[in-house]
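**Q** 3D, please:
(2 chains)
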Amino acid sequence: MTRMSVAMTAGADEQLRRHLLRADGQEDICLARYAPSTGVKRFTALIAEIELPRDGERAVHGNAEFTGDYVRRVAALAAEHRQGVVVLHSHPGGRGWQRVGGVDADTESSYAFLVLRLTGLPLMGMTLAGGDRSWSARSWSAQGRHVSCESVRVVGDTLQVSWNSDLRPIPATTDAQIRTVSAWGEAHQADLARLRVLVVGVGSVGMLLAQHLAATGIEHVAVMDFDRVETLNLDRLIGATRLDAALHRRKTDVALRLLRSAATAARPDMAKFDMRVTDRAGLRNALDYDLIFCCVDKPWPRAVLNQIAYSDLIPVVDGGIAIDAFTDGSGMRGATMRSHVIRPGRPCMACNHQLELGDVSIDRAGDLDNPGYIAGLPSGERGRENVALLSVTATASMLGQFVSLVIAPGGRGDPGPLRYTFAIHDLEHPPYESRPACPVERQLLAGDQRQAHLIEDRPASAAPPKTGLLQLASVLEAMGTRLQDAARRASVIRQSKQHR
Amino acid sequence: MTATAGDEAFIEGLQQHGIDTEIVDGVVCFRVLAATGALAGTRVETGVAVNELQGWPMVPPHWVHLPGSITIAPTNTSSTETRPGWVRHSRGIQHWGSDADLVNAWLGHVRSVLEGAVA
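**A** As a prediction, this is how the structure comes out:
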C-alpha cells in the first residue's frame, strides 16, 4: 500500500504558521497547491504555492469556514499547473499528530470529489497544532474516505518531521543505544530512528557511513549501487573481504551484511537496490526516502540527486575527497575534503562547485568509462586517486552535517558547505551561494514534473560464474553469517525487553 | 506552445536569437559568427547532436560539431555520430548555469572554441 506524506520548505511552514496561528487564538484556514512526487512506495504532496483567502472567501468565528468559490478558484489554478489542492486549518491548542473527525472531516470530505474531478489529484487535508507547531495530514478519496499520512516533513536549516505514530511507531530504544540516547535525548532519537535514509554509492565513504547510521539506531537504512567488489576496492572498502572480491559480490550485498551486523535497532529493516539512481527504477525508489547520502563521484548520478534535492524536497548530504597527487607518481601535494547539505536555501552542487553540469552528457554517453576517451583527456583530469585513511574524514564530515540537520545541536542546523584542506589542516566555510540563474534550483518543487530527460533504463550487470571452491566458501560463509545474525538479534531483543 | 526542455527548447532559443536551424543527420545545425581568432568575422557552421540535447537546459551538450575543414587544437575528437565530413570535438563547458541566457552561454562557448581555429 502506498504511504502518503507531505513536504514543504521552511519558508512555506513559516508563512502558513503566520496565517493559521492567530494572535486572537481562533482557528483559521487556507488553501494551497501541491505538486505530486511519486515514488515506488510513497506519494508525497509538495506544498508548492500557498493561496491565502481573498476577502469574503473565509469566515473566522471561533472555528473557520470557507466558500466553495475559494476551492474552485484554487482548484482551477492547480489544474492549470497540473497540481493538487490542500486544505489547511489550525488547532491552536493542539499538540502532536491530530486525528481528523467531526466538522473538520465533514468539511474536507465534502470537497474531495470536486477537487479530484477538477485536478485529477486527491484532496489533501492538513492540521497545524499550535501547541507544538507539529503538522498532521491525510488524503481524501472521491468517495470521501481518508487515508492518514505517515509524516509531514519541513526542510530548512533543520529537517523537522511530524510523525504519525500510529503508522510509524516510536522505535523502542535498546541497551546498545544508551550512550547515543544520552547524547541528545529520547525525543531526538525517536525522530532520527524513524527516518528512512538512503545511501547512494557504497564505496569507501558510503560503506562506512551506512554502518554508522545503522549503529545509531536508524531502523530503515537502504543502500543503492550497481557495482561489484573487486580486489582493487579492498584497500578502501572496509568490511569487504577477499572472498567478496573473489566472488565479485555486489557491493550492496556486502553493505547489507555489514548493516545487519552493525544495527542496534530492535527491529532493523535494512534494504538494498542493485540499480543506478540514473535509471527510472532507481530514481523512483530514491523518492521513497526522507534523506539521501550522495556517495558517488560520477557527474550523471550526482546531477540526478542534485536535482531531486530541489524538485522533490529530499535533502541530500553530499561530500567527498579530492587528492592532489603529483603526476609523476612521486608523492602527494595535498587533499581537499568537502561536505554540504543540498537543499533549498543552500547552493546546489553546481553552484557549490561540486558538479560540472557540462560533464553530465559525456558521463551519460559512457565516455568517462571509456579508456580511449580518458587517455585523450589532459593529465590533470584523469585522476581516480583514493585513500581509505583520508576518505574517513569525508565520512565524518558528512555524518556531522547529518547530525546538524536532524538534531541541530545548540539549536543550529546544517552549517552550510565545509571545506577541509589537508597539508595545512584548515577548515573553511566556502562562501558559495546559489546563482540567480541556476537551472537546477529553478526546478524547486517540480515533483513529477521535474525535467525527466536525465533518466533512462539500463539492464543490470550479470554476476560472473562461481567456481566450485568459491561456491563452497560462499555457502560456509553464509551459514556463519546467519548464525551470527541470529545470535545478535536474540541479544538485542532480550535487551530491548529488559529495557521496557 | 513554447518548449521548456530538450532539443525543441534549444532550437526555439536559437530562433529567439535570430539564428536559423536545421536538423541534418541527427545534428541541430546553425551558424555562429566567430568573434576572435583566425576565423574572426566568418559565419561558421556548427552543430549539436539532438541526443545530447535531452537534458537541455539543465544539462548542456558536451561535443561541439564542426565541418572537418576547420582545424582546432587537438583534444578528443570523433567523426562518428555527426554529419558526414564533420568532426565532433570534446569541449566541456564550465560553470554551466551562471548565465541567465543559456543559449547565449552556449553560443559564447562555441565562439571560444572557434577562437583557437587554425585558418
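**Q** how about the helices of the chain, start to end?
**A** Defaulting to chain A. With DSSP state H as the criterion, chain A has helices at A:10-20, A:68-80, A:102-119, A:178-194, A:204-216, A:242-246, A:251-262, A:280-286, A:299-311, A:360-364, A:371-375, A:388-406, A:468-499.
**Q** hm, I was asking about chain B
**A** Under DSSP H, chain B gives helices at B:6-16, B:102-115.
**Q** related to what we said a few turns ago, most packed of the helices of chain A?
**A** helix A:299-311 (a mean of 26; mean count of other C-beta atoms under 10 Å in any protein chain shown). In this view, the C-beta of every residue, glycine as well, is placed from N, C-alpha and C.
**Q** if we can go back for a sec, using CSV, lay out the helices of chain B together with mean neighbour count.
**A** Shown next, in CSV, are the helices of chain B (neighbours: other C-beta atoms under 10 Å in any protein chain shown):
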stretch, mean neighbour count
helix B:6-16, 18
helix B:102-115, 19
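**Q** Could you count how many residues lie near A:Asp166?
**A** A:Asp166 has 10 neighbours, counted by other C-beta atoms under 10 Å in any protein chain shown.
**Q** repeat for the one 3 residues further on
**A** Other residues lying near A:Pro169 total 13 when counted by other C-beta under 10 Å.
**Q** which of the helices of chain A has the lowest average pLDDT?
**A** Ranked by mean pLDDT, the helices of chain A end with helix A:468-499 at the bottom, a mean of 65.
**Q** rewinding a little: just put the helices of chain B in JSON lines and tack on distance to A:Asp106.
**A** What follows is the helices of chain B, written out as JSON lines (distance: least, C-beta to C-beta, whole Å):
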{"stretch": "helix B:6-16", "distance to A:Asp106": "46"}
{"stretch": "helix B:102-115", "distance to A:Asp106": "50"}
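**Q** how about the spatially most central residue of chain A, what does it touch?
**A** Residue closest to the average C-alpha location in chain A (C-alpha atoms, centre = their mean): A:Leu291, at 1.8 Å. Shown in contact with A:Leu291 (C-beta atoms under 8 Å, 6 or more residues apart in numbering or on different chains): A:Leu159, A:Leu195, A:Arg196, A:Val197, A:Leu198, A:Ile314, A:Pro315, A:Val316, A:Val317, A:Phe402, A:Leu405, A:Val406.
**Q** and what of A:Met275?
**A** Contacts for A:Met275 (C-beta under 8 Å, 6+ apart) come out as A:Met224, A:Phe226, A:Ala281, A:Gly282, A:Asn285, A:Ala460.
**Q** Going by distance to A:Met124, which of those residues wins?
**A** Nearest to A:Met124, judged by C-beta to C-beta, of those is A:Asn285 at 23.1 Å.
**Q** my guess is the closest one meets A:Val40, correct?
**A** Yes. A:Asn285 lies in contact with A:Val40 (C-beta atoms under 8 Å); the separation is 5.3 Å.
**Q** what's the spacing between A:Leu445 and chain B?
**A** As defined by C-beta to the nearest C-beta, to the nearest Å, A:Leu445 lies at a distance of 15 Å from chain B.
**Q** that older thread, tabulate the helices of chain B (JSON lines), appending distance to chain A and mean pLDDT.
**A** Shown next, in JSON lines, are the helices of chain B (distance: least, C-beta to the nearest C-beta, whole Å; pLDDT from 0 to 100):
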{"stretch": "helix B:6-16", "distance to chain A": "6", "mean pLDDT": "95"}
{"stretch": "helix B:102-115", "distance to chain A": "7", "mean pLDDT": "95"}
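**Q** hmm, which two among the contacts of A:Met275 are most spread apart?
**A** Taking every pair in the contacts of A:Met275 and measuring C-beta to C-beta, the maximum separation is 13.5 Å, between A:Asn285 and A:Ala460.
**Q** Show me what the closest residue to A:Leu213 other than its chain neighbours bridges to in the sheet.
**A** Leaving out its chain neighbours, the residue that sits closest to A:Leu213 by C-beta to C-beta, 6 or more residues apart in numbering or on different chains is A:Val221, at 4.8 Å. Here A:Val221 sits in beta bridges with A:Val197, going by DSSP bridges.
**Q** residue contacts, A:Val221?
**A** A:Val197, A:Leu198, A:Val199, A:Ala210, A:Leu213, A:Ala214, A:Leu259, A:Met270, A:Ala271.
**Q** which one of the residues you listed is nearest chain B?
**A** Lowest distance from chain B to the contacts of A:Val221 (C-beta to the nearest C-beta) belongs to A:Leu198, with 22.1 Å.
**Q** now the nearest residue to that closest one once chain neighbours are set aside: how far from A:Val277?
**A** Leaving aside its sequence neighbours, A:Leu198 sits nearest to A:Tyr289 (C-beta to C-beta, 6+ apart; 4.1 Å). Note on A:Tyr289: its distance to A:Val277, by C-beta to C-beta, to the nearest Å, is 11 Å.
**Q** same check, this time on A:Asp244
**A** Using C-beta to C-beta, we find A:Asp244 at a distance of 23 Å from A:Val277.
**Q** Then A:Leu16?
**A** In terms of C-beta to C-beta, A:Leu16 sits 32 Å off from A:Val277.
**Q** Quick one: name the residues of the stretch 401-500 of chain A near chain B.
**A** Neighbours of chain B within the stretch 401-500 of chain A, by C-beta under 8 Å from any C-beta of the partner chain: A:Arg435, A:Pro436, A:Ala437, A:Cys438, A:Pro439, A:Val440, A:Gln443, A:Gln451, A:His453, A:Leu454.
**Q** Repeat the analysis, applying 6 Å as the threshold.
**A** When proximity is defined as C-beta under 6 Å from any C-beta of the partner chain, the stretch 401-500 of chain A approaches chain B at A:Arg435, A:Ala437, A:Cys438, A:Pro439, A:Gln451, A:His453, A:Leu454.
**Q** May I ask which of those comes out lowest in pLDDT?
**A** A:His453 (70).
**Q** show me the contacts for B:Ile19.
**A** B:Phe30 (C-beta atoms under 6 Å, 6 or more residues apart in numbering or on different chains).
**Q** Tell me the pLDDT of it.
**A** 97.
**Q** circling back to that earlier point, closest one of the contacts of A:Leu291 to chain B?
**A** A:Val316 (15.9 Å).
**Q** is the closest one in a bridge, and if so with what?
**A** Going by DSSP bridges, A:Val316 forms beta bridges with A:Ile292, A:Ile342.
**Q** how about A:His146, what does it touch?
**A** A:Arg138, A:Trp140.
**Q** So it versus A:Tyr34, what's the distance?
**A** A:His146 sits 16 Å away from A:Tyr34, going by C-beta to C-beta.
**Q** cool, and A:Pro344?
**A** 16 Å.
**Q** more neighbours, the two?
**A** A:Tyr34 (27 against 19).
**Q** OK, contacts around the more buried one?
**A** A:Tyr34 touches A:Ala45, A:Leu46, A:Ile47, A:Ala48, A:Gln83, A:Gly84, A:Val86, counting by C-beta under 6 Å, 6+ apart.
**Q** Which residues are in contact with B:Trp96?
**A** A:Leu357, A:Gly358, B:Pro60.
**Q** cool, and A:Asp414?
**A** A:Asp414 touches A:Val341, A:Gln401, A:Ser404, A:Leu405, counting by C-beta under 6 Å, 6+ apart.
**Q** A:Val181 now?
**A** A:Thr173, A:Gln189.
**Q** List, one by one, the residues from chain A near chain B.
**A** Counting by C-beta under 6 Å from any C-beta, chain A comes close to chain B at A:350, A:357-362, A:373, A:376, A:435, A:437-439, A:451, A:453-454.
**Q** could you flag which of those residues are buried?
**A** A:350, A:357-362, A:373, A:376, A:435, A:438-439, A:451, A:453-454 (16 or more other C-beta atoms under 10 Å in any protein chain shown).
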